[in-house]
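Novice: With the input below, show me the fold.
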Amino acid sequence: MNSKKLLLSSLLFTGISAWAQNPIVQTCYSSDPAPMVYNDRMYVYTGHDEAGADFFWMYEWRLYSSSDMVNWTDHGVPLSLGTFEWADDRAWAAQCVERGGKFYWYICAHSKLSGGMAIGVAVADSPTGPFKDAIGKPLYDNGKWDNIDPTVLIDDDGQAYLLWGNPNIYWVKLNTDMVSLAGEVTRLDQTVEGFGAPQIELRDKEKKYKDCYTEGPWLSKRGGKYQLLYAAGGIPEHIAWSEADNIAGPWRYKGILMPEGNTKSFTNHCGVADFKGHSYFFYHTGKLPGGGGFGRSAAVEEFKYNADGSFPTIYPTDEGVKPVGTLNPYRRVEGETMAFSKGISTEVNDKVGVYVSDVHNGDWLKLQAVNFGPSSPKTIEISAASALLGGSIELHADSIGGPLLATVVIPRTGGWERWQTVKATVSGNVTGVHDLYFVFKGYKGRKLFNIDWWRMKQ
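Specialist: The predicted structure is shown next:
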């Protein structure tokens with residue numbers, strides 16, 4: 001059993017039931033979530049904390065997307081340190097935006113050119129990539145260590161702004177090409193009125209300030225006002241926010257948005273986005289087994305802005321958000337699309353892309369709000385692969401022990417990536433909208449099979 005399997009081996013996470021939706025990814029750690037809406041789909045670009053790490057050892061960025069906010073598709077690793085020849089460590093917080101049909105992913109990483117942290121940018125023609133280094137060098141690299149956590153905003157007039165920094169805040173305009181700077185990089189003035197405390201070199205160590213900017217900025221705009229959300233207060237961090245009429249300031253401190261609370265992580269990093277008439281706040285916690293400050297996982301809460309456009313106080317929950325759509329089981333559904341799971345992992349190859357792996361006896365995955373329609377499905381087909389003994393998949397409605405709809409026997413196919421389409425009869429009757437559980441059975445202690453995709457037929 002590998003370390004990832006051990007990491008995710010408990011049936012029910014501590015304090016989290018099988019009906020939870022947070023964290024939104026359970027197959028690996030997924031930190032620093034950055035949402036982006038494109039073509040009626042929510043994309044969340046994340047970091048990837050390594051299991052068992054004792055620091056922020058991070059080497060790649062991951063991507064997940066959903067059309068209903070509860071069933072998330074794993075798009076694997078569209079970007080890594082290997083994308084940037086100048087980078088050699090610390091693939092930390094990042095954000096992707098779309099402009100003119102191209103997608104610009106702003107990252108920070110350790111620069112082997114200067115020995116400090118640097119800001120880079122990758123570009124793609126699709127939100128899922130493939131991404132490439134847009135300019136073959138850092139976008140900004142002055143050898144300092146505070147060049148981390150970039151956030152980008154394209155303003156109403158088309159002007160794009162890039163901000164970043166810990167413990168300072170830097171900002172600069174971007175040219176319309178999105179890959180070059182339009183002017184000088186400027187340090188934002190931090191004041192007690194603007195952020196709860198002055199610049200770090202001006203702080204009185206004997207004085208207790210009401211708050212202080214730390215890191216992880218997220219820049220947005222609402223009602224003509226710029227809103228800067230950020231991790232604040234030092235360690236442990238909470239999320240606070242400030243407001244301004246102009247990027248350059250003066251900024252006005254507005255208070256704590258998400259208290260430190262029960263996230264089980266001493267850091268936090270947020271992003272906000274509106275989707276299908278709802279507003280969402282993304283952040284991370286340490287609530288997966290083995291998680292914590294160096295093993296963080298993306299989570300989301302729905303919220304409503306106050307009447308004046310300001311943020312309410314948002315608290316972390318295990319329940320997460322409700323669906324804003326349904327899943328169609330009569331089309332090809334990628335195996336790596338799921339609302340929640342226990343035990344499994346995902347892998348990727350060039351032939352089929354991302355697929356479900358590390359399936360063992362007693363593991364399961366859930367899909368939420370599956371719309372079976374007015375008549376029950378008759379059959380299900382699943383693309384699976386097994387190098388050894390195979391196993392079976394029980395399909396249950398509404399819960400792990402709910403009504404049994406079908407049992408699909410997965411045979412030995414002769415290899416972990418030798419795929420075979422297996423068909424089975426759906427004997428149970430199910431109509432309308434239900435949750436659907438795939439419960440995996442087989443020899444205990446043995447890896448059973450991998451899953452590429454599935455589809456039901458009427």
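Novice: Would you confirm that S383 contacts K423?
Specialist: No - when contacts are counted by CB atoms under 8 Å, S383 is not listed as touching K423 (10.7 Å). Where you see a C-beta, it was placed from the backbone N, CA and C, and this is true even at glycine.
Novice: Show me which of the two is the more surrounded one.
Specialist: Higher neighbour count among S383 and K423: S383, with 19 against 10, using other CB atoms under 10 Å.
Novice: after the helix or strand hosting that one, next one along is what?
Specialist: Using DSSP states H and E, S383 sits in strand 379-385. Under the assignment DSSP H and E, the closest C-terminal helix or strand after strand 379-385 is strand 391-397.
Novice: ok, and what's touching the helix or strand following that next one?
Specialist: As assigned by DSSP H and E, the chain's next helix or strand after strand 391-397 is strand 404-410. With CB atoms under 8 Å, 6 or more residues apart in numbering as the test, strand 404-410 has contacts from 380, 382, 384, 386, 390-397, 422, 424-428, 430, 436, 448-449.
Novice: just the angle between strand 404-410 and strand 379-385, please?
Specialist: 30 degrees (axes from the mean of the first three to the mean of the last three CA atoms, to 10 degrees).
Novice: Strand 404-410 pairs with which strands?
Specialist: Paired with strand 404-410 in the same sheet, following DSSP bridges, are strand 391-397 (antiparallel).
Novice: Check which residues of the strand it pairs with are buried.
Specialist: Residues of strand 391-397 classed as buried by neighbour count (16 or more other CB atoms under 10 Å): 391-397.
Novice: for the residues you listed, which one is nearest P138?
Specialist: The closest of the buried residues of strand 391-397 to P138 turns out to be I393 (CB to CB; 47.1 Å).
Novice: measure the residue lying closest to that closest one once chain neighbours are set aside to L395 for me?
Specialist: Leaving aside its sequence neighbours, I393 sits nearest to V408 (CB to CB, 6 or more residues apart in numbering; 4.4 Å). Going from V408 to L395 by CB to CB, to the nearest Å gives 7 Å.
Novice: Give the intersection of the neighbour lists for the two.
Specialist: With CB under 8 Å, 6+ apart as the test, V408 and L395 both reach I380.
Novice: Quick one: the strands in the stretch 301-450 of the chain, in order.
Specialist: 333-334, 337-338, 340-342, 345-349, 353-357, 364-371, 379-385, 391-397, 404-410, 420-425, 433-441, 450-457 (DSSP state E, counting those that start in this stretch).
Novice: Below-threshold pLDDT in the stretch 51-200 of the chain: ranges please.
Specialist: For the stretch 51-200 of the chain, not a single residue meets the criterion pLDDT under 70.
Novice: residue boundaries of the strands in it?
Specialist: Ranges of strands in the stretch 51-200 of the chain, per DSSP E, counting those that start in this stretch, are 60-66, 72-74, 79-80, 87-89, 95-99, 102-111, 117-124, 132-133, 151-154, 160-164, 170-174, 186-187.
Novice: Same list (those) but as CSV, adding mean neighbour count and distance to G293.
Specialist: Rendered in CSV, the data for the strands of the stretch 51-200 of the chain read as follows (neighbours: other CB atoms under 10 Å; distance: least, CB to CB, whole Å):
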stretch, mean neighbour count, distance to G293
strand 60-66, 23, 19
strand 72-74, 24, 24
strand 79-80, 22, 23
strand 87-89, 17, 18
strand 95-99, 21, 22
strand 102-111, 24, 19
strand 117-124, 24, 19
strand 132-133, 16, 30
strand 151-154, 22, 22
strand 160-164, 22, 21
strand 170-174, 20, 25
strand 186-187, 12, 28
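Novice: Which one of those lies nearest to I24?
Specialist: Within those, the stretch nearest I24 is strand 72-74; the backing value is 5.5 Å (CB to CB).
Novice: Return the per-residue confidence for E381.
Specialist: With respect to pLDDT, E381 scores 98.
Novice: What's opposite it in the beta bridge?
Specialist: E381 forms beta bridges with K423, R455, as assigned by DSSP bridges.
Novice: surely it meets D452?
Specialist: No - in this structure, E381 is not within contact of D452 by CB under 8 Å, at 11.1 Å.
Novice: which one of these two has more residues nearby?
Specialist: Per other CB under 10 Å, whichever of E381 and D452 has more neighbours is D452, with 23 against 16.
Novice: now N349, which residues is it bridged with?
Specialist: Where N349 sits in a bridge, its partners, by DSSP bridges, are G353.
Novice: scratch that, V333
Specialist: Beta bridges link V333 to W454, judged by DSSP bridges.
Novice: contacting residues for it?
Specialist: 327, 367, 453-455.
Novice: re the thing from before, to E206, which of the strands of the stretch 301-450 of the chain lies closest?
Specialist: Ranking these by their distance to E206 (criterion: CB to CB) puts strand 340-342 first, at 47.9 Å.
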